[in-house]
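Q: Show me the folded form of this:
(3 chains)
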Amino acid sequence: MIQLVWFRMDMRVHDNPALFHACQQGQPVLAVTCLTQQQWQQHGLGQRKWQLLINSLHGLQQHLHDLNIPLLVLNSGDFHSSVDDVKALIQRLASSDMPVSDVNFNLEYEVNERKRDIELQRWCQQQNIGVNKFHDQCVIPPGEVVTRQQQPFKVYSPFKRAWWQQFDRYNQAPLAIPQPPVDAITPDLQDIVKELSAALPAAENDPLWNCHELAVHEQLEEFLQHRARYYADTRDFPASPGTSSLSYALSLGLISPRQCLYTAWQKNGCQLSGGKAGLASWINELIWREFYRHLLVAFPQLCKHHAFKPETEGVPWRTSAAAERDFQAWCEGKTGYPIVDAAQRQLLDTGWMHNRLRMISAMFLTKHLLIDWRRGEAFFNQHLVDADLASNNGGWQWSASTGADGAPYFRIFNPTTQSQRFDSAGEFIARYVAELATLPAKSRHQPNSLECQQNQYPTAIVEHKFARQRALDAFKQTMAEANNDAVQPSLIE
DNA sequence: TGCCTCTTCGG
DNA sequence: CGAAGAGGC
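A: Residues are numbered from 1 along each chain as shown, chains lettered A, B, ... in the order given. I've put the predicted structure just below:
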C-alpha cells in the first residue's frame, strides 16, 4: 500500500504535516503535484509568481528525491482536471498492484480549492481510500478562534486577544524532515513515475526571490538575528530593509507560518507581546495574516470579491473613459504623485511592494481616483510574487474602507504627507522614479513641482484637495443612503 | 496603521 | 505666526 502526498502551496519538506504524517505510516510514499496553469490564470495570478512556483518545485523534487520519495508532476490545466488526473494516477497504481492507502494533503481555504478537495474526498470515500487533511497555512486553524457566542471575529484587536489565549494549545516546534522507510520504492513504482510524470518546466533563477527552502530558512534566521530587533522602528520606511521580505515564501509554502511564529516567539523570550518591541511587532503582523485567513474562511463571499460591508457596494466608483486613463496611469506609475509612482514601479520591477506603500497606493486608487478596489486588487494579484487571496483582499478592503476592520472612510492618506513622513530623504523615490532622482530630496515629494515638469515627470492626474472631498462626499452619501434604507420600515409605520 | 480646519495662546 | 489641542469627516 502506498501513501500519496498531494503537494499544493506547501513547497517544502520541513514542517510539512501531510508529508510528515505520510512518512510515519511505514509504507512507500509517493508525492504528486498538479501544474494547473489555466486555473492560475483564471485566478488572475501572474507569470513571475508562476515561475517562482516552478523554481520551488525543482528544489522540492530534489529534497524529496533525497528522502527516497519521487515527485510526480502532472499537467492538469484547471482544478477539476487535476482531480481527474489524481484519480487516474490512483487507478493506474491500483491496476499495477500498488494500491493507494491514503491521500494526504495540506488544506487550502479558498472556495475553488475547497471544492476540488471535496470532489476528491467523495471519490476516495467511494473507493475506500483514506483522506488525511492537515492545517498548515495558519498556526491556529480557521474556525478555532471565535467569540463567546461562537461567532467569527470581525475586528482585529479582540481577535488577537482570543488568538493569544489559544496560542499555547497550538504552538509547537516545527516538524523535522521526515524519515521514510528505506528501500520502499520499488522499481515498478519508479517505472510508473517515469511513465506518467510530465517534465518540470525549466527553473529560471530570479535574483530577488530565492525559492530553495533552506535559503528561506537562512533568510528567516538572518532577519531574526540582525534586523527583527529594529523592525518596529524601520518597518514603515520603504527605503530601508526593515521587513523580513518573507511574504513570497509564506505564500508558496516554502516556509510555514508555524516555523516563523515559533522561532520569533522563542527569540522573544517565549512571549507574543512584550519582550523585544521589534519581535512583538513582527509577531503582530503574522497574526494579521492569520486574521485575514480566518476571515476568508468564515466569510466565503470574500473569495468572490464581495465587499465585506455590503453597504459599500453602493459607492459610485468611477467608470468613465477618464477613469480608465487614470487607472492606466496608476498601473504604470505615472500618476504624478511621486510616492505612488515609486510604489507602483517597485511592484512592476521587483514583484513586491513595501507594506506602507501598499496602503498609500491602494488608498490613492480607491479614494483619490475613486476607482473600484477590486481593480487594484486584481492588479496587485497579477504582479505580486506574494499574491495571496486572503492577505491581498484583506489589505485592499482595509484601504478601501469596505472591509471587516477597515480604515474609516474619512481617514484618507495625503500622499505628500505620507511621502515626507516615511521617505523623508526621498531615497526611495529616487530609487524608482529616475526622473526625480537628481532633484534635491525635499523637492521629490510634492506633485507638480516646477523641477518635476522639467524632468518630463507627469503632472498630477488629480488634485489632492478636490479628490479628497470627492471621496468623502461619495462615501458620506452612500452611507447615508444605506442608513435611510435601514430605517425605512419604521418610517412607513 | 489620518487629515483638515478652526481655535487659542505665547512669542 | 507657529504650536498645540479639539472636533468633524
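
Q: what separates A:T459 from A:R318, distance-wise?
A: 19 Å (Cβ to Cβ, to the nearest Å). No exception for glycine: its C-beta is placed from N, CA and C like everyone else's.

Q: can you check A:L45 too?
A: 26 Å.

Q: quick one, which of these two is more surrounded?
A: Ranked by neighbour count (other Cβ atoms under 10 Å), A:L45 and A:R318 place A:L45 first, with 20 against 15.

Q: isn't the more buried one right next to A:A378, touching?
A: No: here A:L45 does not reach A:A378: they are 10.3 Å apart, not a contact under Cβ atoms under 8 Å.

Q: How about the residues of the stretch 351-493 of chain A by DNA strand C?
A: Proximity of the stretch 351-493 of chain A to DNA strand C, by Cβ under 7 Å from any atom of the strand, involves residues A:F410, A:R411, A:L472, A:K476.

Q: Can you give me the neighbour number for the second one?
A: A:R411 has 11 neighbouring residues, counting by other Cβ under 10 Å.

Q: which residues does it contact?
A: A:S401 (Cβ atoms under 8 Å, 6 or more residues apart in numbering).

Q: can you check the one 3 residues further on too?
A: For A:N414, the contacting residues are A:H464, A:R468, by Cβ under 8 Å, 6+ apart.

Q: ok so, going back, can you list which of the residues of the stretch 351-493 of chain A next to DNA strand C are found in helices?
A: Among these, the residues falling in helices (DSSP state H) are A:L472, A:K476.

Q: Quick check: the farthest pair among the residues of the stretch 351-493 of chain A next to DNA strand C?
A: Using Cβ to Cβ, those span at most 13.5 Å, a distance reached by A:R411 and A:K476.

Q: which residues are in contact with the helix or strand bottoming out on mean pLDDT in chain A?
A: The helix or strand of chain A with the lowest confidence, counting by mean pLDDT, DSSP states H and E, is helix A:450-454 at a mean of 81. Residues outside helix A:450-454 that contact it (Cβ under 8 Å, 6+ apart): A:G336, A:P338, A:E435, A:L436, A:L439, A:S443, A:Q446, A:T459.

Q: okay, these in TSV with neighbour count next?
A: Formatted as TSV, these follow (neighbours: other Cβ atoms under 10 Å):
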residue	neighbour count
A:G336	17
A:P338	31
A:E435	19
A:L436	22
A:L439	21
A:S443	15
A:Q446	17
A:T459	10
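
Q: Narrow these to those in helices?
A: Judged by DSSP H, helices contain the following of these: A:P338.

Q: who touches A:L384 in this structure?
A: With Cβ under 8 Å, 6+ apart, A:L384 has these contacts: A:G46, A:K49, A:L347, A:G351, A:W352, A:M353, A:N392.

Q: correct me, but the fifth one touches A:Q346?
A: Yes: taking contact to mean Cβ under 8 Å, the distance of 7.1 Å between A:W352 and A:Q346 places them in contact.

Q: Quick one: the helices in the stretch 1-150 of chain A, in order.
A: Assigned by DSSP state H, counting those that start in this stretch, the helices in the stretch 1-150 of chain A fall at A:17-23, A:37-42, A:47-66, A:79-95, A:111-126.

Q: ditto for the stretch 351-493 of chain A
A: Assigned by DSSP H, counting those that start in this stretch, the helices in the stretch 351-493 of chain A fall at A:355-363, A:373-383, A:389-399, A:415-422, A:427-432, A:450-454, A:464-492.

Q: how distant is the second one from the center of its chain?
A: The chain centroid and the centroid of helix A:373-383 are separated by 12 Å under Cα atoms, centre = their mean, to the nearest Å.

Q: helix, strand or coil for A:L250?
A: Per DSSP: H, G, I helix; E, B strand; the rest coil, the secondary structure class of A:L250 is helix.

Q: Please report how far it lies from DNA strand C.
A: Counting by Cβ to the nearest atom of the strand, to the nearest Å, the separation of A:L250 from DNA strand C is 35 Å.

Q: Please list the residues of the stretch 51-200 of chain A that sit near DNA strand B.
A: Counting by Cβ under 7 Å from any atom of the strand, the stretch 51-200 of chain A comes close to DNA strand B at A:Y156.

Q: Tell me how many other residues surround A:I185.
A: A:I185 has 18 nearby residues by other Cβ under 10 Å.

Q: Would you check that it makes contact with A:P70?
A: Yes: between A:I185 and A:P70 there is a contact under Cβ under 8 Å: 6.6 Å.
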